[in-house]
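[1] Quick one, fold the following:
(chains A and B, ligands or ions: 4)
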Amino acid sequence: MQQTPKKLVVIGNGMAPGRVLERLFEAQPDAYQVTIFNAEPRVNYDRIMLSPVLSGEKAYEDIIIHNEDWYAEHRVKLHKGRRIAAIDRDAKSVTAEDGTTAAYDTLLIATGSSPFVIPVRGHDLPGVVTYRDLDDVETMLAAAKRGGRAVVIGGGLLGLEAAAGLKAQGMDVTVLHLMPTLMERQLDTAAGYLLERAIAERGIEVITKANTHAILGEDQVNGVKLDDGTEIACDLVCMAVGIKPAAQIAADAGLEIGRGIIVSDTMQTSDPDIFAVGECVEHNGMCYGLVAPLYEMAAVIADRLCGGTSEYKGSVTSAKLKVTGIDLFSAGDFAEGDDREEIVLRDATGGIYKRLVLRDDRIIGVVLYGDTADGAWFFRMLKDGTDISAMRDTLIFGQNYQGGEPLDPMAAVAALPDDAEVCGCNGVCKSRITGKITELGLTTLDDVRAHTKASASCGSCTGLVEQLMALTLGDAYNPMAVQPMCGCTDLGHDDVRRLIKAKSLKTIPAVMQELEWKTSCGCAKCRPALNYYLVCDWPDEYADDYQSRFINERAHANIQKDGTYSVVPRMWGGQTSAAELRAIADVVDKFDIPTVKVTGGQRIDMLGIKKEDLPAVWADLGKAGFVSGHAYAKGLRTVKTCVGTDWCRFGTQDSTGLGVRIEKFMWGSWTPAKVKMAVSGCPRNCAEATCKDVGVVCVDSGYEIHFAGAAGLDIKGTEILGLVKTEDEALEHIAALTQMYREQGRYLERIYKWAKRIGYDEVRRQIMDDAERRRAYYDRFVFSQKFAQVDPWAERAQDEPKPDHFAEYRPLADLSRMQEAAE
Amino acid sequence: MTGNLHWVAVGQITDVPLRGARCVVTRIGKIGVFRTSDGEVYAIEDHCPHKGGPLSQGIVHDASVTCPLHNWVISLETGQVQGADEGRVKTIPVRIENDQIILGLESAQVGKAGRAA
Ligand SMILES: Cc1cc2nc3c(=O)[nH]c(=O)nc-3n(C[C@H](O)[C@H](O)[C@H](O)COP(=O)(O)OP(=O)(O)OC[C@H]3O[C@@H](n4cnc5c(N)ncnc54)[C@H](O)[C@@H]3O)c2cc1C
Ligand code: SF4
Ligand code: SF4
Ligand code: FES
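    Ligands and ions are numbered 1, 2, ... in the order given. Down below sits the predicted model:
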């Protein structure tokens, strides 16, 4: 007979209880009926990863740990946005602020901690935030949209991450730090300066010895005043000065409290039916502010809930600064003392600083700056209490320098015991990783992260996880599973795109510098890609680099096999007129153009034009009202139409009119690869809209929008995006879809490949179902069009072209007719 | 050989865009004149060893150019095709004097009128 499950109530839904439940459900899925109250109105997410969300490198969706399905699957009742106001230990029940109650057999308190707010004047003004949860991040992101200056109070890990994030979002940022150097507990003065310099190089101002006197402003913050009288004008203040365990409700319920809720080695509070876990806990005089210890506690609680006898004995912690491009790792104890020795390695030019604190030939503290590759190795010895006297002389140089021969790191990894902890953040041991790799046939780092959570949080164990993969998979492991853009970098297209945004890189040299390109100025693969990404991401700021475009886009015509060019003027929606045709005929005669051809996109192509003649050809075409047809562009090429209700007896809508409207609205936009569209007036589909990048099939009830078709190297029918009622809606959806593709596509990746990669449903979700997001894409498209809709032919056909344009079409010199050699 | 070269000024350094190229028309085909990101000027035959693509229309990177037709990469210093493909184009000697680009050409390229410098 199955027992009735016991009632487990959890207060708080952070990372710590999330881990307790995971472990519990793994061991005994049906033992407890679980109810969670969470003051935050959302599911459990990876709080550690808020910094990448703030900097724009990740989205909230990317950092969710347990989605709605997970709660449903485990029949967990999650009360989102309900804060527990009181615990009644006699009745064994809890009551939320809104009156909801729940009875428990066992209670788990996991209220985490609250950010400390310095009680100076003005601390409660709008515009003053702390840095703790998604709401804070959203407040900061909203403020960053308006621009201006942010002051971050506190130069610790959290403060620096906040500063880097706000900077990446385009704000000017000042960090105020109370002590003379940054992270003074971990770094000595010189290393503190290294860090300060690296922060300053990111354009972030750091003021040390800065004691905040008051926050200024009437009904909105407008500045910060320091004790020395300095005033800094600002629009946002972020306080990141520390945390205190959230123990009030436990105190109110009469539980034993110190700084946090006091627990014994069994993780029980002074009431044996009540456990506590996470940052709200005080164990053996210690409160923790990092996830690794919380996970160790979680394992003990899960075991206890299942009737086990494990005990928690305290944790040693390590931390890593998560600011892209600054590597900082610290672990253990750095306080000075007579019984301690230090080994320090300093390489100022290399920007490297390493410090080991030793006691009795054992490592008790590690600080690595600039090169953190050996962090996990040092940390393991620290935790294991390894005697290092034999390698003392070379210890600081790291794992690879040990022994007469360089130690094979693979051998070291192979030698790790199965239960060795590899990922401290997520408490994942070696055998779990290797087990999952074999069991599920995982081959990429992302898969391993997804299935084991190893290296999915702070990332400092990534190297170790990769070594484990290599070890387990042998030759089947290809660490380059992310295809690099080209030989000039190890980064893939997606990483480069993400970092361009996150780090506000706005020129090709800046990208190459910051992302450590291996060549001095790229190659013919990466330069056009980077140029496109920058054009797309910074439409108003980026100066197009024509020398990084393929010849067709540089010359605004299509190069042919003999070095001549072809020219295709735009015919909106494939419609033309007698006057236009006459002008074309005249140009063909005047310039002796050998071939005239009708293209597949309902245009007329003139082939075999000499490059020098191009500006004159365009001048003549321009007089007849023609603009560039962009037949050469990775951009909107053509919108093909049928005659629709104008003429066709089957027509249901004005397909020609819509096609012309789409083309007039979207011409000039650059895209990752060419985009061809079509509009058919009825499902007979004479414009062949169902094999286009984007197509519209008109029906009586409106416009059916299609996408992701192909009729080139690959053949593929389109997917249906959805049905909309009006032309305006059709236009908005198509522009939004195109913008989504523009922002996410890899250079030269056609829509059908991009859509397959990210999922057709995802595209539908963002464009059809999420009106706000669609509108945002649409607005960004409209904005970028302001800078894109300039006819390149008209610019180049002028009588006095810009020198660059002139240089493109004229030879530097013509010596063939030279009589007297000019010298 | 150099003794028989005709040194002909073809333009200012700044007439050639950085990381770009211009072509010079001669009696026997075109010459591509290239300027790299660090300002070096090179000249090679404007004729890809693969299928004759106009190299001056390619993308210039480091001291190489990628042919616009099928992406062969050619060294501007040696004229040698890079990577797995094989072939070579002729390089043309370049002198820079007072910011003028001066090419060392053979008689056939400039016709009889060219004078030896
Ligand atoms: C920006 C940032 C970066 C970080 N980076 C790192 C890092 O790199 N490495 C690392 O190890 N750690 C990092 N940390 C710390 C780490 O996130 C925390 O240690 C961990 O999330 C704490 O988990 P928890 O479950 O104890 O508490 P929390 O995650 O704080 O969860 C507590 C939850 O309980 C809710 N709650 C509180 N009171 C009540 C109540 N009365 N009723 C109902 N619900 C309540 C709160 O709303 C909250 O959602 C970072 C923290 C932040 C904020
Ligand atoms: S698609 Fe329909 S409306 Fe358009 S021409 Fe063909 S039959 Fe007529
Ligand atoms: S089908 Fe092939 S040969 Fe014909 S135009 Fe296209 S690329 Fe050239
Ligand atoms: S002609 Fe140059 S690569 Fe083919």
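[2] Could I get the contacting residues of A:Ile604?
    A:568-569, A:571, A:576, A:584, A:596-598 (C-beta atoms under 8 Å, 6 or more residues apart in numbering or on different chains). Where C-beta positions appear, they are placed from N, C-alpha and C, glycine not excepted.
[3] Buried ones among those residues?
    Neighbour counting by 16 or more other C-beta atoms under 10 Å in any protein chain shown classes A:568-569, A:571, A:576, A:584 among the contacts of A:Ile604 as buried.
[4] and which of those residues is nearest to ligand 1?
    Nearest to ligand 1 out of the buried ones among the contacts of A:Ile604 is A:Val568 (C-beta to the nearest ligand atom; 52.9 Å).
[5] A:Ile11 is in contact with A:Leu108, correct?
    Yes - counting by C-beta atoms under 8 Å, A:Leu108 touches A:Ile11, with 7.1 Å between them.
[6] When these two are compared, which one has more neighbours?
    A:Ile11 (29 against 26; other C-beta atoms under 10 Å in any protein chain shown).
[7] Return the distance of that one relative to A:Asp88.
    Distance, A:Ile11 to A:Asp88, using C-beta to C-beta, to the nearest Å: 13 Å.
[8] what's the answer for A:Gly112, then?
    From A:Gly112 to A:Asp88 the distance is 22 Å (C-beta to C-beta).
[9] Out of those two, name the residue with the larger neighbour count.
    Between A:Gly112 and A:Asp88, A:Gly112 has the larger neighbour count (other C-beta under 10 Å), namely 26 against 12.
[10] coming back round to it: determine which two of the contacts of A:Ile604 are furthest apart.
    The span of those, defined through C-beta to C-beta, is set by A:Thr576 and A:Lys597 at 14.5 Å.
[11] ok, back up a step: mind listing the shared neighbours of A:Ile11 and A:Asp88?
    Joint contacts of A:Ile11 and A:Asp88 (C-beta under 8 Å, 6+ apart) are A:Val94.
[12] Could you list the low-pLDDT ranges of chain B?
    B:1-3, B:111-117 (pLDDT under 70).
[13] Can you report how many residues neighbour A:Glu256?
    The tally of other residues near A:Glu256 (other C-beta under 10 Å) stands at 14.
[14] Contact partners for it?
    Residues near A:Glu256 by C-beta under 8 Å, 6+ apart: A:262, A:269-270.
[15] at 10 Å instead, please
    By C-beta atoms under 10 Å, 6 or more residues apart in numbering or on different chains, the contact list for A:Glu256 reads A:250, A:262-264, A:269-271, A:282.
[16] Then A:Gly147?
    A:169-172, A:235.
[17] where does it land on pLDDT?
    As predicted, A:Gly147 sits at a pLDDT of 89.
[18] separation between it and A:Val128?
    A:Gly147 sits 18 Å away from A:Val128, going by C-beta to C-beta.
[19] do the same with B:Ile74
    61 Å.
[20] now the residue of the stretch 401-550 of chain A found nearest ligand 4: how far from A:Ser113?
    Using C-beta to the nearest ligand atom, the closest approach of the stretch 401-550 of chain A to ligand 4 is made by A:Ala524 at 10.9 Å. Computed with C-beta to C-beta, the distance linking A:Ala524 and A:Ser113 is 53 Å.
[21] A:Pro119 belongs to a strand?
    No - with DSSP: H, G, I helix; E, B strand; the rest coil as the criterion, A:Pro119 is located in coil rather than a strand.
[22] Could you list the low-confidence segments of the stretch 701-823 of chain A?
    A:799-801, A:804, A:818-823.
[23] Also the stretch 201-350 of chain A?
    A:348.
[24] Please enumerate the helices of it.
    Assigned by DSSP state H, counting those that start in this stretch, the stretch 201-350 of chain A shows helices spanning A:248-252, A:291-305.
[25] ok, the shortest one near ligand 1 or not?
    Yes - with C-beta under 6 Å from any ligand atom as the criterion, ligand 1 is reached by helix A:248-252 at A:Ile249.
[26] List of residues touching that helix?
    A:11-12, A:83-87, A:94, A:109, A:111, A:114, A:255-257, A:260-262, A:269-271, A:274, A:276, A:280-281.
[27] Which residue of B:Ile74 and A:Val128 possesses the greater neighbour count?
    Between B:Ile74 and A:Val128, B:Ile74 has the larger neighbour count (other C-beta under 10 Å), namely 26 against 22.
[28] Up against ligand 4, what does chain B have?
    B:48, B:50-53, B:67, B:69-72.
[29] Most widely separated two among these?
    Spatially, the most separated pair among the residues of chain B next to ligand 4 is B:Gly52 and B:Asn71, at 14.6 Å (C-beta to C-beta).
[30] just to revisit the earlier point, strands - which of the contacts of helix A:248-252 land there?
    A:11, A:84-87, A:94, A:109, A:114, A:261-262, A:274, A:276, A:281 (DSSP state E).
[31] Quick one: buried ones out of these?
    Buried among the ones in strands among the contacts of helix A:248-252 by 16+ other C-beta under 10 Å: A:11, A:84, A:87, A:94, A:109, A:114, A:261-262, A:274, A:276, A:281.
[32] Point me to the residue sitting farthest from the middle of chain B.
    Residue farthest from the centre of chain B, counting by C-alpha atoms, centre = their mean, is B:Ala84 at 22.3 Å.
[33] mind listing what A:Val117 touches?
    Residues in contact with A:Val117 (C-beta under 10 Å, 6+ apart) are A:123-124, A:128-130, A:153, A:239, A:241-242, A:244.
[34] which ones among those are found in strands?
    Counting by DSSP E, the contacts of A:Val117 place A:128-130, A:153, A:239, A:244 in strands.
[35] PyMOL command to pick out the buried ones of those?
    A single PyMOL command selects the buried members of those (16+ other C-beta under 10 Å):
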select buried, chain A and resi 128+129+130+153+239
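[36] TSV for the ones in strands among the contacts of A:Val117, including distance to chain B?
    Output for those, formatted as TSV (distance: C-beta to the nearest C-beta, whole Å):
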residue	distance to chain B
A:Val128	47
A:Val129	44
A:Thr130	47
A:Ile153	43
A:Met239	46
A:Lys244	55
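[37] Return the member of the ones in strands among the contacts of A:Val117 nearest to ligand 1.
    A:Thr130 (8.9 Å).
[38] Mind pulling the model confidence for the closest residue to that closest one other than its chain neighbours?
    Leaving out its chain neighbours, the residue that sits closest to A:Thr130 by C-beta to C-beta, 6 or more residues apart in numbering or on different chains is A:Pro115, at 3.6 Å. At A:Pro115, the model reports a pLDDT of 94.
[39] likewise A:Tyr401?
    Note on A:Tyr401: pLDDT of 65.
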